[in-house]
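Q: give me a model of this one.
(one chain, ligands or ions: 1)
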Amino acid sequence: MERLVKLVCIRYYCCPFAQETVCSMKNSQYLVELIERIGNLLRSEERELGKADGLQPVHVQVLEYLALCNRFSNTPLSLSHYLGISKGTVSQSVIVLENKGLIEKVQDNNDRRVVHLLLTDRGKQVVKNAFANEQWSNTCERLPAQQRERMAEDLSQLLIELTRQHNAQSFGVCRTCEHFTYEDSNYSCGLLQIPLEASETAKLCHEHSLADSKADSTEKTENRCYDAP
Ligand code: SF4
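A: Next up, the predicted model:
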């Protein structure tokens with residue numbers, strides 16, 4: 001994060017005579033502006049992507065989340081926490097996506113009050129198209145690999161800090177979770193007391209709790225899995 005701030009500082013705001021505190025305030029403000037602008041561009045992309053299927057950006061976000069999360073986190077409640085939207089918006093989105101045949105509801109085997117939301121084949125195809133959007137990936141690919149890694153690391157750190165400050169759930173993947181163990185080529189979750197498939201360890205989990213030992217390591221960049229389904 002510090003490197004990113006310095007880079008922005010040197011490039012856009014600081015002259016050698018500027019006061020450090022003024023500089024730092026401008027940098028923070030500028031970072032917020034940058035993130036907001038990138039967010040707006042992503043929303044506009046999502047609007048375009050959803051157009052063909054008559055979907056709003058929030059519907060595309062729901063589908064993307066369901067493609068990324070693990071089998072314990074595909075519930076309406078987790079969706080509402082991850083996207084930071086109300087339960088009402090979640091249930092309206094679920095109705096729209098269900099009516100369009102993009103998701104289906106499945107009752108939990110152990111707790112019948114819990115409903116899991118699964119992508120249908122059509123839903124998977126819509127997400128695949130969204131992830132295959134080359135404009136975004138090509139733009140990122142044009143940056144040198146080292147710079148991409150550094151940005152991912154810095155933004156992950158920022159996300160971790162913001163998550164802590166907002167007392168929000170961390171929603172990470174197994175390898176950065178304090179409950180995760182890997183022994184004799186077997187993956188398992190200490191919290192849920194279950195073995196895990198290798199593919200599950202790269203999925204987002206609502207039970208994730210960032211391991212202190214991993215919070216400051218380079219593994220924090222793996223806090224989220226971007227693989228398409
Ligand atoms: S190890 Fe952590 S992230 Fe993985 S399934 Fe268990 S609680 Fe979730």
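Q: could you give the mean pLDDT of the longest helix anywhere in the chain?
A: Ranked by number of residues, the top helix in the chain under DSSP state H is helix 20-51. Throughout helix 20-51, pLDDT has a mean value of 82.
Q: off-centre distance for it?
A: Its chain's C-alpha centre lies 16 Å from the corresponding centre of helix 20-51 when counted by Cα atoms, centre = their mean, to the nearest Å.
Q: so which bits of that helix are buried?
A: Within helix 20-51, the residues scored as buried using 16 or more other Cβ atoms under 10 Å are 23, 26-27, 30-31, 45-46, 49-50. Every C-beta, even on glycine, is put in place using the N, C-alpha and C of the backbone.
Q: for stretch 51-69, same thing?
A: Counting neighbours by 16+ other Cβ under 10 Å, the buried set in stretch 51-69 is 53, 55, 57-69.
Q: cool, stretch 199-218 as well?
A: Buried residues in stretch 199-218, counting neighbours by 16+ other Cβ under 10 Å, are found at 200-208, 210-211, 214-215.
Q: what's the answer for stretch 144-151, then?
A: When neighbours are counted by 16+ other Cβ under 10 Å, the buried residues of stretch 144-151 are found to be 150-151.
Q: what about that stretch, average pLDDT?
A: Stretch 144-151 comes out at a mean pLDDT of 93.
Q: identify the residue nearest residue 96 in space, chain neighbours excluded?
A: Counting by Cβ to Cβ, 6 or more residues apart in numbering, residue 96 lies nearest to residue 59, which is 6.0 Å off, once chain neighbours are set aside.
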